[in-house]
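Undergrad: predicted model and sequence follow; I will ask about them next.
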There are 2 protein chains.
Amino acid sequence: MTAAQRRAQAKEEYDAFLAECPSRQLLDRISDKWVTLVLAALSGEGDPRPLRYSELSRTLAGVSQKMLTQTLRSLERDGLLTRTVTPSVPVTVTYELTELGLSLHRLMGLLKAWAEEHMDEVLAHREAYDAAAGRG
Amino acid sequence: MTAAQRRAQAKEEYDAFLAECPSRQLLDRISDKWVTLVLAALSGEGDPRPLRYSELSRTLAGVSQKMLTQTLRSLERDGLLTRTVTPSVPVTVTYELTELGLSLHRLMGLLKAWAEEHMDEVLAHREAYDAAAGRG
DNA sequence: CAGGATCCCGCTAGATACTG
DNA sequence: CAGTATCTAGCGGGATCCTG
């Protein structure tokens, strides 16, 4: 069973490597379905504006309360946005991007640019591949 | 139940929007755990070289056969790499990045750069947040 | 209004075994 | 060597109900 043990160890080491890799962590963060959208909403298309919880909830049409809260918490935790509570009645909570959050949103712009330039090519390949499989 | 129905419809529309959004599709593709690593392996750190299945399997230490095959198939389908079968005994299969694949790998370089520049800041925020929660 | 707590389900990664 | 087939457990994520 030495081979199996070696494989198991290699896997653990590799998982550890992946867990520590900064770019892997970044991918894990931005690949979250709602993170991108929260960022986009708060960035206001180049004119960053704070938004309330209910405004975000309306802007991100399909999001559940659980996911919205969870996403906002994790972004606050990572210092990408700030959460401000105004003790009025009823209480008002606003979210606003930090400079770090804006920086990340700018990075997303680069992804968007690449996607708009190349994704149609990718999709064309995909269709061609599927069509060939259908014939073959 | 009209409210619930409206919510359900909003969700469907939003999911459709997400499914069609090119940048979302790009994120779904690159956020795959193994895609990044296959790309990196085949790019050879700036000196792109074709690799055999078994070579990839060894390079990506912890990957299962299923995941490796699945990843390679999807990347081939999207035109990011080519699969070449040499009918020797035993059969030899090599994988090589296309220009599109190289382009994507260059994009990953931008992500890497951002991550290396900012992820420590993110992680510092995270620790501070957790520490504050521990005290609160 | 802005969440917290719970239950639950589908998806998928991964281990195992087999094949041309 | 380069895969395919199958089975299963774990978990992300949504729906629902409840609260200050």
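TA: Noted; the coordinates are in hand. Residues are numbered from 1 along each chain as shown, chains lettered A, B, ... in the order given.
Undergrad: near DNA strand D at all, the helix or strand harbouring A:Leu56?
TA: Using DSSP states H and E, A:Leu56 sits in helix A:53-59. No: for helix A:53-59, no contact with DNA strand D is found by C-beta under 7 Å from any atom of the strand; the gap never falls below 10.6 Å. For the C-beta atoms, the positions are set from N, CA and C on the backbone; glycine is no exception.
Undergrad: likewise stretch A:15-34?
TA: Yes: for stretch A:15-34, a contact with DNA strand D is found by C-beta under 7 Å from any atom of the strand, at A:Asp32, A:Lys33.
Undergrad: how about A:Glu12: what's its closest non-neighbour residue?
TA: Leaving aside its chain neighbours, A:Glu12 sits nearest to B:Gly62 (7.6 Å; criterion: C-beta to C-beta, 6 or more residues apart in numbering or on different chains).
Undergrad: before we move on, what SS does that neighbour have?
TA: With DSSP: H, G, I helix; E, B strand; the rest coil as the basis, B:Gly62 sits in coil.
Undergrad: near DNA strand C at all, the helix holding A:Leu56?
TA: Yes: judged by C-beta under 7 Å from any atom of the strand, helix A:53-59 comes into contact with DNA strand C at A:Tyr53, A:Ser54, A:Ser57.
Undergrad: alpha carbons only: can I get that helix in PDB?
TA: This file holds the C-alpha atoms of helix A:53-59, laid out as PDB (Å, rounded to 0.1, in the frame of the first residue of the first chain):
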ATOM      1  CA  TYR A  53     -29.300  46.300   2.400                       C
ATOM      2  CA  SER A  54     -32.700  46.500   0.800                       C
ATOM      3  CA  GLU A  55     -31.400  48.400  -2.200                       C
ATOM      4  CA  LEU A  56     -28.800  45.700  -2.800                       C
ATOM      5  CA  SER A  57     -31.500  43.000  -2.400                       C
ATOM      6  CA  ARG A  58     -33.600  44.700  -5.100                       C
ATOM      7  CA  THR A  59     -30.600  45.300  -7.400                       C
END
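Undergrad: helices of chain A, start to end?
TA: A:2-20, A:22-30, A:35-43, A:53-59, A:65-77, A:99-135 (DSSP state H).
Undergrad: adding mean pLDDT, write those out as JSON lines.
TA: Listed next are the helices of chain A as JSON lines, based on pLDDT from 0 to 100:
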{"stretch": "helix A:2-20", "mean pLDDT": "83"}
{"stretch": "helix A:22-30", "mean pLDDT": "94"}
{"stretch": "helix A:35-43", "mean pLDDT": "97"}
{"stretch": "helix A:53-59", "mean pLDDT": "96"}
{"stretch": "helix A:65-77", "mean pLDDT": "97"}
{"stretch": "helix A:99-135", "mean pLDDT": "94"}
